[in-house]
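Asks: Need a 3D model of the following:
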Amino acid sequence: MAELVTPVERPHGVSDVSAKRVRHYVLVAALLVVAAFVPWGTRWYLSIFAHAVLEIIATTLAFVVGVLALVRHFSRPSGRFLFIGAGFIGTGILDAIHAVVSITDFSQDLPSTFESVSLWSWLASRLFLGMLMVMAAIRVGPYRVDDSGNEVVDEWPIFASVAVLVVFCLVLFWTAPLPDFIYAEMLIPRPIEVAPALLFLMAFIILYRTGVWRSHAFSHWLMLSLLLNFAVDGFLMLFARQLFNANSVVAHYLKIGAYSLVLGGLANSLYDLVRQAESATGALATANRTLAHEVEERRQAEAQLRISELRLAEAQHLARIGHWELEPDSGRIWLSTELSSILGLAGRPNRLALAELLERVAADHRAALQEALNHAQATATPFELVLRVNRAEDEPLQLNVLGNTIADSTGHAIRLWGTGQDITERYRTEEQLRTAAIRLEASNRELQDFAYIASHDLQEPLRKIIAFSDRLAMKYGDRLDETGHDYLQRVQHAARRMQTLIEDLLTLSRVVTRGQPFVDVNLQEVVQGVAADLETRLEETQGRLEVGQLPVVEADPLQMRQLFQNLIGNALKFHRPDTQPCVRVWAEANACDGSANRWKIVVADNGIGFEMKYAERIFQPFQRLHGRSSEYAGTGMGLAICRKIVERHHGTIEAESEPGRGTTFSICLPKKQLD
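Replies: Residues are numbered from 1 along each chain as shown. Coordinates of the predicted model:
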């Protein structure tokens, strides 16, 4: 069947080319109409020799066109090029016969007259070419289209048909007397020329309707050739009243032109094939390089995958972790090599029944595991649990099992998978840590109780020492000499210092044992209360207290008051003699390692400061940077109490200082205490 092109919307460029080619067809048709009138009234005649030369040229062109068309066909099978190639080779043979029989000496050996043989050999060539052009246009014949869309053509029936027709013409010319068909007295002297003219016109119309000429250059050249062939028979030879007259002269030149157009189209088509082949070769080379690169990348990826698998296996071995997969429908579970080894199943098949695995789980843990598997299968939710697993000879192990679900499009669980990790050592260590923590908590409680009791019990005899020393000074002071008064003052001073130490020690122990519940505390109000308590001290030192906006935190209100009392009191106490003390208190959000749940409270002064090597020592109990004989009184417990308070509130306290430039205390407190 003919290739019919359904009218579709075409790109603007294709439409321009189509319009241009249509103009070509119209122009050529107009020129051919004009050319048909050129021979009229002229007395041009071809000599037999000139006619033979033109036919030899035509024969040569026909053979060249036929061979190139077949080369094109065998390069990329196409029924159209096969018909054109076979048609032009057959036409070349018939044109050669026409040239030979038109020679007077040779035609004398034939049963027909010179005129009859010349006429019929010409007509045979034209009819043969016209029929093959129609067959090429409608593409009928022994061909089919394979699964990939390529034409598969059986060439030999076409070659055999061409050979039979050519042989038939030879036999006809050499054996049968042929009549003359020029009727000079008629308006159309050679009406039989209508037959090849109609064949060429039919081939043109069929090709035009297929639309292949719009985008296929060779079809465009073939269409021009068909117009010339139609003009040869329909405009010129149809009205040739004599052999080799002016009509015949123009017709022979147009025939050569028609053959040349097909030759040009074939050359263009073969050139396109060569370019396509070069492009395909380049693309193939690029594809080969890409493929080689991809193969190398895949090889490297596979090598990396093997390395990763080895690393994973080694990591699993070191971490004592393996993975498993369960098929709920079959009740079979697959264990990795490492997990099999952990469970004491090394050397056995990695795939076993779930019931067999459940037998190894401790009896009081089996129900939990089965329930977790059933729940995960029903709801497609992950699970985690710790199992005690019995092993043949070793002690039971603690196995941390993680599981997840793979479901199909309907939500049905088709596979459960997860990991199992031997946490026996971790479990044992955690048990030891829990036991140690319990013991440590009990020990701390006992120590705090002891400190409280000891301090409380020490106060009674200490109060008696202070009371009796006061009475001694009051009643018998006038009887003591200077040395006695000195001894008595030393006793009183030591007793009162001891009393202060005991009170501070009690305060330190009460931070934990006597702490109040955490509530929302407005630190602004706390600092204002501390400022009121220290008003006299501020007046004595001519100091000032600058307080920024402070937040509300969850804390023990009494301990917060004690914290700021100690810090601000220290700032006023350790001031430089020649400088009025200035204490600044402010708060910063998100300044404690970027945490949004903590406030940073800053207490800064312009006091005497200290070297940073003592930044940790000042928070230890009974640690003083100044001797007892210095002007700065105290027991060295104030900052230790501050740290204890901050730690009870799950916070931190740090100090930055420089001698002569003051000290800055930074306290990080949670906004809300964790349960």
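
Asks: Contacts for stretch 649-663 next, please.
Replies: Applying C-beta atoms under 8 Å, 6 or more residues apart in numbering, the contact partners of stretch 649-663 are 518, 555-556, 559, 571, 574, 576, 592, 598, 604-612, 615, 618-619, 642-643, 646, 664-670, 673-674. C-betas here are computed from N, CA, C, even on glycine.

Asks: out of those residues, which are inside helices?
Replies: Mapping the contacts of stretch 649-663 onto helices (DSSP state H) picks out 559, 571, 642-643, 646.

Asks: how about the strands in the stretch 251-400 of the chain?
Replies: Here the stretch 251-400 of the chain has its strands, by DSSP state E, counting those that start in this stretch, at 321-327, 332-335, 351-353, 383-389, 397-407.

Asks: name the helices or strands packed onto the first one?
Replies: The elements that strand 321-327 packs onto, with contact taken as 3 or more C-beta pairs under 8 Å, 6 or more residues apart in numbering; DSSP states H and E, are strand 332-335, helix 337-342, strand 413-422.

Asks: mind putting these in a markdown table, mean pLDDT, mean neighbour count and distance to residue 428 included?
Replies: Converted to a markdown table, these look like this (pLDDT from 0 to 100; neighbours: other C-beta atoms under 10 Å; distance: least, C-beta to C-beta, whole Å):
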| stretch | mean pLDDT | mean neighbour count | distance to residue 428 |
| --- | --- | --- | --- |
| strand 332-335 | 82 | 19 | 24 |
| helix 337-342 | 78 | 20 | 16 |
| strand 413-422 | 80 | 19 | 11 |
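
Asks: Of these, which is nearest residue 300?
Replies: Residue 300 lies closest to helix 337-342 among the helices and strands packed on strand 321-327, at 26.0 Å (C-beta to C-beta).

Asks: Alpha carbons of the closest one, in PDB - could you do that?
Replies: The C-alpha trace of helix 337-342 is given here as PDB (Å, rounded to 0.1, in the frame of the first residue of the first chain):
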ATOM      1  CA  THR A 337      25.500 -14.800  59.900                       C
ATOM      2  CA  GLU A 338      26.300 -12.500  62.800                       C
ATOM      3  CA  LEU A 339      22.900 -12.800  64.400                       C
ATOM      4  CA  SER A 340      23.100 -16.600  64.000                       C
ATOM      5  CA  SER A 341      26.400 -16.600  65.800                       C
ATOM      6  CA  ILE A 342      25.000 -14.300  68.600                       C
END
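
Asks: roughly how far is it from the heart of the chain?
Replies: 35 Å (C-alpha atoms, centre = their mean, to the nearest Å).

Asks: Quick check: what element follows the host helix or strand of residue 171 along the chain?
Replies: Secondary structure from DSSP states H and E places residue 171 in helix 155-175. The helix or strand immediately downstream of helix 155-175 is helix 194-210, counting by DSSP H and E.

Asks: tell me the residue furthest from the middle of the protein?
Replies: Relative to the mean C-alpha coordinate of the chain, counting by C-alpha atoms, centre = their mean, the farthest residue is residue 479 (100.9 Å).

Asks: can you tell which of the strands of the stretch 251-400 of the chain is closest to residue 68?
Replies: For the strands of the stretch 251-400 of the chain, the distance to residue 68 is smallest for strand 397-407, at 63.4 Å, taking C-beta to C-beta.
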